[in-house]
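Trainee: got a sequence here, can you build the structure:
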Amino acid sequence: MGQAEVLIEKIQKGFMLECKEDMNDEYLRALKQTLMIVGDTELLSVPPLLTVYNEAPNLNYKITALAVIQDEIGHAHIAYRLLEDLGEDVEELLYNRPANRWKNPYAFDFKLDNWIELGVFNGLFDRSGYTLLGDAYQHTSYGPWKRALVKVDKEELFHLRNGEIIMKAGMKNPETAKQVQEAVDWMFLMALEFFGVADSLKSRSAQLDYKLKGKTNDELRQKWLSTAVPFCESIGVKVPSHYDEAQGKFVIDVPFPCKFDVENKKWLLDQPDTWQGVIERFKKRGPQNQEFVRRIQKGFFELEALRTEEVV
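Mentor: Presented below is the predicted three-dimensional model:
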């Protein structure tokens, strides 16, 4: 039995890893990749939220939005701090990485159009985060991350509930109800893309073998659909999915994946796509990718410039 098989067997029996010395190269690589995606996703969720933060209809909403933003930055800090413990140069990652090399979801490369979209963002995208990180919290074999996720899990649920409150309130007025529906129309499939390529396209997964996650991509998609679809239906929002009794699972009623009109933020439902096509779209990044990453990096470079002036 090889080194990898021995470690996998130990992990499958419940062994928790606490430091680099417990890991083989494959485990370390998979863990770093996972934490980088998590850190980038948490941090790059902040710029789109800030595009409509000032449109909050009252002080309570504004305070809640600020709390959500603060949480997201804190969650990113956890992931990057763990990466630092694993030997990564986090300053290099944050401030010298080109914008198109960040690993945040494609959905976070877009400005929000109105306050209601912030609610749908929380209601759908934070639901994806809650589903993914809840699974990691339950199953991860990396002890420091499991302990940190106790806090993250509760806060992601708070973000999700905030989104539901805004969406529910929005459905009580015809004008804002239209905004809820329009936001769901482009965000619903984006939220499903968070979980990655279809299981049939993955030959094996180090994340599953080493218990960095417990469920497959498609199983996580089903978990998300099992709460997102009933919630949207309960408030009168139409979604392109329903529960199929015969199959015993949720099915998607439109081509998935399918092509996306970036300029108009609309799915081209008459143009099915492949997962390879989706990956190529992700690699091109969305319209605000550079602007949002620059916003994250701006203060660091401004401070460096001030320090240089002081030395001169």
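Trainee: please count neighbours and contacts with C-alpha atoms only from this point.
Mentor: Fine.
Trainee: ok, how many other residues are close to Trp224?
Mentor: Trp224: 22 surrounding residues under other C-alpha atoms under 10 Å.
Trainee: list the buried residues in the helix or strand hosting it.
Mentor: For Trp224, the element it lies in under DSSP states H and E is helix 217-234. Neighbour-count burial for helix 217-234, counted by 16 or more other C-alpha atoms under 10 Å, picks out 217-218, 220-225, 228-230, 232.
Trainee: now stretch 122-142
Mentor: Neighbour-count burial for stretch 122-142 [16+ other C-alpha under 10 Å]: 122-137, 139-142.
Trainee: report the distance from that stretch to the chain centre.
Mentor: 9 Å (C-alpha atoms, centre = their mean, to the nearest Å).
Trainee: name the element His242 belongs to?
Mentor: Applying DSSP H and E, one finds His242 within strand 241-244.
Trainee: pull up the pairing partners for that strand, direction included.
Mentor: strand 249-252 (antiparallel) (DSSP bridges).
Trainee: so for the partner strand, what gets flagged as buried?
Mentor: Result for strand 249-252 [16+ other C-alpha under 10 Å]: buried residues 250, 252.
Trainee: next secondary structure after that strand?
Mentor: As the chain continues past strand 249-252, the following element, by DSSP H and E, is strand 258-261.
Trainee: ok so, going back, can you lay out the buried residues of helix 217-234 as JSON lines showing pLDDT and distance to Leu192?
Mentor: JSON lines is the format used below for the buried residues of helix 217-234 (pLDDT from 0 to 100; distance: C-alpha to C-alpha, whole Å):
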{"residue": "Asn217", "pLDDT": "96", "distance to Leu192": "10"}
{"residue": "Asp218", "pLDDT": "96", "distance to Leu192": "9"}
{"residue": "Leu220", "pLDDT": "97", "distance to Leu192": "9"}
{"residue": "Arg221", "pLDDT": "98", "distance to Leu192": "6"}
{"residue": "Gln222", "pLDDT": "98", "distance to Leu192": "9"}
{"residue": "Lys223", "pLDDT": "98", "distance to Leu192": "11"}
{"residue": "Trp224", "pLDDT": "98", "distance to Leu192": "8"}
{"residue": "Leu225", "pLDDT": "98", "distance to Leu192": "8"}
{"residue": "Ala228", "pLDDT": "98", "distance to Leu192": "10"}
{"residue": "Val229", "pLDDT": "98", "distance to Leu192": "12"}
{"residue": "Pro230", "pLDDT": "98", "distance to Leu192": "15"}
{"residue": "Cys232", "pLDDT": "98", "distance to Leu192": "15"}
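Trainee: which one of those residues is nearest to Glu309?
Mentor: Asn217 (50.1 Å; C-alpha to C-alpha).
Trainee: how close does that closest one get to Ser200?
Mentor: Between Asn217 and Ser200 the computed distance is 10 Å (C-alpha to C-alpha, to the nearest Å).
Trainee: circling back: okay, the helix holding Trp224 in CSV with CA atoms only?
Mentor: Once non-C-alpha atoms are left out, helix 217-234 reads as follows in CSV (Å, rounded to 0.1, in the frame of the first residue of the first chain):
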residue,chain,number,x,y,z
ASN,A,217,-20.7,18.4,-6.7
ASP,A,218,-24.1,17.1,-7.9
GLU,A,219,-25.1,16.0,-4.4
LEU,A,220,-24.3,19.5,-3.1
ARG,A,221,-26.3,21.0,-6.0
GLN,A,222,-29.3,18.8,-4.9
LYS,A,223,-28.8,20.0,-1.3
TRP,A,224,-28.9,23.6,-2.5
LEU,A,225,-32.0,23.0,-4.7
SER,A,226,-33.8,21.3,-1.8
THR,A,227,-34.0,24.6,0.1
ALA,A,228,-33.7,27.3,-2.6
VAL,A,229,-36.6,26.0,-4.7
PRO,A,230,-39.2,25.6,-1.9
PHE,A,231,-38.2,29.0,-0.5
CYS,A,232,-38.6,30.8,-3.8
GLU,A,233,-41.9,29.1,-4.6
SER,A,234,-43.2,30.0,-1.1
